[in-house]
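Trainee: coords please:
(chains A, B and C)
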Amino acid sequence: MDGNNFYVSCERVFNPSLEGKPVVVLSNNDGCIISRSNEAKALGLKMGEPVFKRKDFIAKNNVSVFSSNYTLYGDMSNRMMMTLKTFAPDIEVYSIDEAFLNLSGIQVDFNEYAHRIRNTIFKNTGLPVGVGFGQTKTLAKIANKIGKKQNGVFIIDTPRIQDWALRNTAIEEVWGIGRQYAILLMKNNIKTAYDFTQLDTQWIRKNMTVVGQRIKEELAGVSCIPLETMAPAKKNIATTRAFGQKISDINLIAEAVANHAVRCAEKLRQQHSVANYLNVFIHTDPFSEHETYVSRNLTLTLPQASNSNQALIQAALQGLRQIYQPGLKYKKTGIIVSGITPDNFVQGNLFEGSDFRKKELTSLTDHINQRYGRDKLKLAVQGSGKEWHLKQEKLSPRYTTRWTELLKVKA
DNA sequence: TCTGGGGTCCTAGGACCC
DNA sequence: TCTGGGGTCCTAGGACCC
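Mentor: Numbering: from 1, shown residues only, chains lettered A, B, ... in the order given. This is a model prediction of the structure:
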């Protein structure tokens, strides 16, 4: 199952006047186009296109533009997945708008069931989705894609249909075939998914590693990519943002860095992990034509594996001070934590005390912030964020998660 | 004549996904 | 003026061990 033009569809649920019209949603900082309605696609607006390049075109064609509202999309996604979970015992939530359902052993009319899934999700959330059935994840993705061009549903349930589907799927449409592999395959006259299944396995292995070999098997109906019903703990966690405007002042950058460190710490606590390493990076505008691009980063080993706000901030700022060069106009900074292990088994440090007091403090502030809103309680170094925070000029309300932003209806 | 055999760990780089 | 933010996996090569 996957959502149609997911972010745009989320906006439309609360703003039905957008139906049938060109709509786009932008990336953070209102930079690039990352979700498009069918009408916007038909106008020729491209995925990932910088929006400033098409500003006049967008105005002339009355395209509605939205900043990305991840609070809203995340909540709508949860609602969608909750409905979906009533349709199969095993489900893998693969991304914000995609999930795999395991229906093996379930005796149903697949076509009827697929439509029932679509209709129920639409009724419960207002979101349009597509459903595809296949013997493997890769085949299900292909079925889903074909379904989008029809009535939202496609079932691959016989060898004849499978053969037809593979012959009618361009090689670059196949899950796991990206730009580089597509170029390589085109050079070798492989144009469709079907052509790929006819390739010599040794050639695939040599040129595309075992990953390519799995794709071949999956296309033939042999499952090689298992369903992951439990999301494994993340091995890296990052929080990175471009600034709304370029910044030189280290104190302002430090505010951003401190906030990113806190977000990373929160993400670690959410999955009950601690990190051993912290990487902090900073760079100038990579697109600037008159300034040379400067990018620096540093990885620090934490004195003790941690997920506390203070410990991560301390390391992050220490790193920042080492890589910061005065006089440059910076555009982006970020934190990446790694060396992640479960938080119930932290190796002690002979030279550091235990950080149980930090733990107490953190769990208290987490509780308060959960109840009264993010960053209600924070460290002074996190600052106000006015100078560096995101550009979000077209942000819609958080309709489903804030009382103050509820949809108002005039009767 | 002509220098063993079997391992692990780490990292960088390249590919991919949403 | 102006270009996002997350992630994963695989492989080769180098360093090391006994």
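
Trainee: who's in contact with residue A:286?
Mentor: Listed by Cβ atoms under 8 Å, 6 or more residues apart in numbering, the contact set of residue A:286 reads A:293, A:295, A:331. Yep, even glycine has a C-beta here, placed from its N, CA and C like the rest.

Trainee: Three-state assignment for the closest residue to the first one other than its chain neighbours, please.
Mentor: Once its chain neighbours are removed from consideration, residue A:293 has its nearest residue in residue A:286; the separation is 5.2 Å (Cβ to Cβ, 6 or more residues apart in numbering). When states are read from DSSP: H, G, I helix; E, B strand; the rest coil, the local structure at residue A:286 comes out as coil.

Trainee: Report the separation between residue A:286 and residue A:125.
Mentor: Distance check for residue A:286 against residue A:125: by Cβ to Cβ, to the nearest Å, it reads 38 Å.

Trainee: Over to residue A:368?
Mentor: 31 Å.

Trainee: next one: residue A:363
Mentor: Distance, residue A:363 to residue A:125, by Cβ to Cβ: 33 Å.

Trainee: Equivalent analysis for residue A:104, please.
Mentor: Distance from residue A:104 to residue A:125, by Cβ to Cβ: 27 Å.

Trainee: And the closest residue in space to residue A:274 that isn't next to it in sequence, which helix or strand is it part of?
Mentor: Closest residue to residue A:274 apart from its sequence neighbours, by Cβ to Cβ, 6+ apart: residue A:305 at 4.1 Å. With elements taken from DSSP states H and E, the one containing residue A:305 is strand A:295-306.

Trainee: list the helices and strands the very next helix or strand once past that strand packs on?
Mentor: Using DSSP H and E, the helix or strand that follows strand A:295-306 in sequence is helix A:309-323. Applying 3 or more Cβ pairs under 8 Å, 6 or more residues apart in numbering; DSSP states H and E, one finds that helix A:309-323 contacts helix A:250-270, strand A:273-284, strand A:295-306, strand A:330-342, helix A:356-372.

Trainee: Over the last one, what's the mean pLDDT, rounded is fine.
Mentor: Taken as a whole, helix A:356-372 carries a mean pLDDT of 83.

Trainee: what packs against it?
Mentor: On a contact count with 3+ Cβ pairs under 8 Å, 6+ apart, helix A:356-372 meets helix A:250-270, helix A:309-323.

Trainee: try 7 Å
Mentor: helix A:309-323 (3 or more Cβ pairs under 7 Å, 6 or more residues apart in numbering; DSSP states H and E).

Trainee: Tell me the buried residues in the helix it packs on?
Mentor: A:309, A:310, A:311, A:312, A:313, A:314, A:315, A:316, A:317, A:319, A:320, A:323 (16 or more other Cβ atoms under 10 Å).

Trainee: Need the nearest residue in space to the fourth one, chain neighbours excluded.
Mentor: In other words, residue A:312. Closest to residue A:312 by Cβ to Cβ, 6+ apart is residue A:261, at 4.1 Å.

Trainee: now do the last one
Mentor: With sequence-adjacent residues excluded and distances taken as Cβ to Cβ, 6+ apart, residue A:323 is closest to residue A:296, at 4.1 Å.

Trainee: What's the local residue count around the one you found?
Mentor: By the measure other Cβ atoms under 10 Å, the count of residues near residue A:296 is 16.

Trainee: and it, what pLDDT?
Mentor: With respect to pLDDT, residue A:296 has a value of 91.

Trainee: same thing with residue A:386?
Mentor: pLDDT, residue A:386: 72.
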